[in-house]
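Q: Sequence first, then the predicted structure, then my questions.
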Protein chains: 2
Amino acid sequence: MSQPTGPSPGEQRSPFRTLHLELSSTVDRVADELRRAVFDGELESGTPLREVALAESLGVSRPTVREALGILVAEGLAVREPNRGVAISTPEGDSVRDICRARWVLEGAGVRRWPDADETLRDAVRTSLVAYTSAVRSGASYQELNERHLAFHVSLVGLTGSPRLVAMADSLMVELKLALAQVDRIRRNAHDQADSHTALVMLLERGDVTGAADFLERHLADAEASILDALRLD
Amino acid sequence: MSQPTGPSPGEQRSPFRTLHLELSSTVDRVADELRRAVFDGELESGTPLREVALAESLGVSRPTVREALGILVAEGLAVREPNRGVAISTPEGDSVRDICRARWVLEGAGVRRWPDADETLRDAVRTSLVAYTSAVRSGASYQELNERHLAFHVSLVGLTGSPRLVAMADSLMVELKLALAQVDRIRRNAHDQADSHTALVMLLERGDVTGAADFLERHLADAEASILDALRLD
DNA sequence: ATTGCTTGATTGTCAGACAATCTGACATGG
DNA sequence: CCATGTCAGATTGTCTGACAATCAAGCAAT
């Protein structure tokens, strides 16, 4: 035995554990580019995504574009009507309400598990909070503020310790970003919510879980009302 | 105005409201067939899904198969390793635990909303319960019992009134069905859980929401232990 | 005003092809 | 014996080109 510390073949015990190689397919890069364009407001809600036009524009073939569009549709960023192609989703009032309701279920579950959660998960919440607040103070770009803000909320779901719930929260945030991109097209009012979030974490650190849950519920309700108001949807 | 009752062009007021035409693409049919084969145990966990072989077998082209495989992967039923193709997922112990934890979050949220839920949603729970119990009494097939059983649990999530949470629950059930299909390959022990479910609904009808929630938590914990035991995973 | 036809555009699906990559076996050299 | 280099086969990732089905719009006809 030349490797006394790694007898099991499945688990490599080597000095290269920290190395990673980002191998991305063309399809993934196309999907990323489309997402970026949507979130940056370059593609308005309802815009049809023609396969041939995109293929020529991006310098890839039509099947590749088609597969990328399938990903966007699966994520809810776009909708496909049979034989009519796919178009950027238009966030309805019902969608926003539904997303916020689902957020409350997921994030509330995370907050309630704060006392029992692993220390590393609680630390993830703290670090995402400081990442957000420091971005606010340093006057980061609007896109980045949104990103950090939503990342904080996802880290709350992370308290459940469930990768699947986090994935669901991520998917909700993607849809939310779509709605926000439509709002920001009109008026970019990323009002500072750092204080609110800091207060939430302080309640948690103090052990007041139910207080934090109530606070979160109000916070999410406010966010919903704010988005609906900005979208001018009843 | 020749249509005084339907002035808005988006809402058709015609006598054909009940008609529906199921238009399904080839890709969807391929995906359905693959799902069926997995759930029926024809495809063992870990089986590689070769694109050319499937295309010839099903009489469709490779891009069509490829797109269907993408759907399966997005659902979590299969995994894709770059340049190595996709294979049926193998349910790990961690996956089962995670699925059950996520189930508890979603279904618990539904149960807690029973008092405030719309009457039609509560009725959906009742009807799915009788659909399950009657299937049990009539000695329905194993597949159908599973289907009804999981449909009842999804109907609990439906109490939240959130389509997205229901979709998430559906996705969890699909993964659960995959794990159960592996179990049933060995021993088909769909032990009768109708009594347990009936007791849960009776607690709800009585207005004992917290009691129902506790009952559900135990029920889900038992289910998790049972599946893990059957899979012989620690 | 409704129906029917025609044209152009777009998607859904197919067939064939090629390069890149993985697997496994084999050969080579220390 | 072990590590490395090499090769053939298999499979995927992607491209090209093509065709039928469907849709939208415009126009003609009843």
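A: That came in fine, so what should we check first?
Q: From here on, just use CA atoms for contacts and neighbour counts.
A: Noted.
Q: Pop the domain breakdown of chain A in here.
A: Domain ranges of chain A: A:26-88, A:93-231, per automatic domain parsing.
Q: ends of the longest one, how far apart?
A: End-to-end distance of domain A:93-231 (Cα to Cα, to the nearest Å): 8 Å.
Q: That domain: how far from the chain's middle?
A: Between the centre of domain A:93-231 and the centre of its chain there are 10 Å (Cα atoms, centre = their mean, to the nearest Å).
Q: re the thing from before, which of the domains of chain A sits closest to B:Arg50?
A: Among the domains of chain A, the nearest to B:Arg50 by Cα to Cα is domain A:26-88 (18.2 Å).
Q: for that closest one, how far is the first residue from the last?
A: 21 Å.
Q: Is that domain positioned near chain B?
A: Yes - Domain A:26-88 is in contact with chain B by Cα under 8 Å from any Cα of the partner chain, via A:Glu67, A:Ala74.
Q: Show me the one of the domains of chain A that comes nearest DNA strand D.
A: Closest approach to DNA strand D among these is made by domain A:26-88 (3.3 Å; Cα to the nearest atom of the strand).
Q: Averaged pLDDT, that closest one. What do you get?
A: Taken as a whole, domain A:26-88 has an average pLDDT of 91.
Q: ditto for stretch A:105-117
A: 97.
Q: Which residues of chain A lie near DNA strand D?
A: A:Ser25, A:Thr26, A:Val27, A:Gly59, A:Val60, A:Ser61, A:Arg62, A:Pro63, A:Thr64, A:Asn83, A:Arg84 (Cα under 7 Å from any atom of the strand).
Q: Can I have the buried ones of those residues as a PyMOL selection?
A: Remark: buried members of the residues of chain A next to DNA strand D, expressed as a PyMOL selection using 16 or more other Cα atoms under 10 Å in any protein chain shown:
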select buried, chain A and resi 27+62+64
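Q: Which one of the residues of chain A next to DNA strand D is nearest to A:Leu178?
A: Closest to A:Leu178, out of all of the residues of chain A next to DNA strand D and judged by Cα to Cα, is A:Val27, at 20.7 Å.
Q: so who does the closest one touch?
A: Counting by Cα atoms under 8 Å, 6 or more residues apart in numbering or on different chains, A:Val27 touches A:Thr64, A:Val65, A:Glu67, A:Ala68.
Q: switch to 6 Å and redo it
A: A:Thr64, A:Ala68 (Cα atoms under 6 Å, 6 or more residues apart in numbering or on different chains).
Q: so which helix or strand takes in it?
A: In this assignment (DSSP states H and E), A:Val27 forms part of helix A:26-39.
Q: For the helix or strand following that helix, which helices and strands make contact with it?
A: Following helix A:26-39 in sequence order, the next helix or strand is strand A:48-49 (DSSP H and E). Helices and strands touching strand A:48-49, by 3 or more Cα pairs under 6 Å, 6 or more residues apart in numbering or on different chains; DSSP states H and E, are strand A:85-88.
Q: List the buried residues of the very next helix or strand once past the strand it packs on.
A: Sequence order places helix A:93-112 as the next helix or strand after strand A:85-88, per DSSP H and E. Residues of helix A:93-112 classed as buried by neighbour count (16+ other Cα under 10 Å): A:93, A:95-112.
Q: now what about helix A:93-112, what contacts it?
A: Applying Cα under 6 Å, 6+ apart, the external contacts of helix A:93-112 come out as A:Leu156, A:Val157, A:Leu159, A:Thr160, A:Val209, A:Leu233, B:Ser162.
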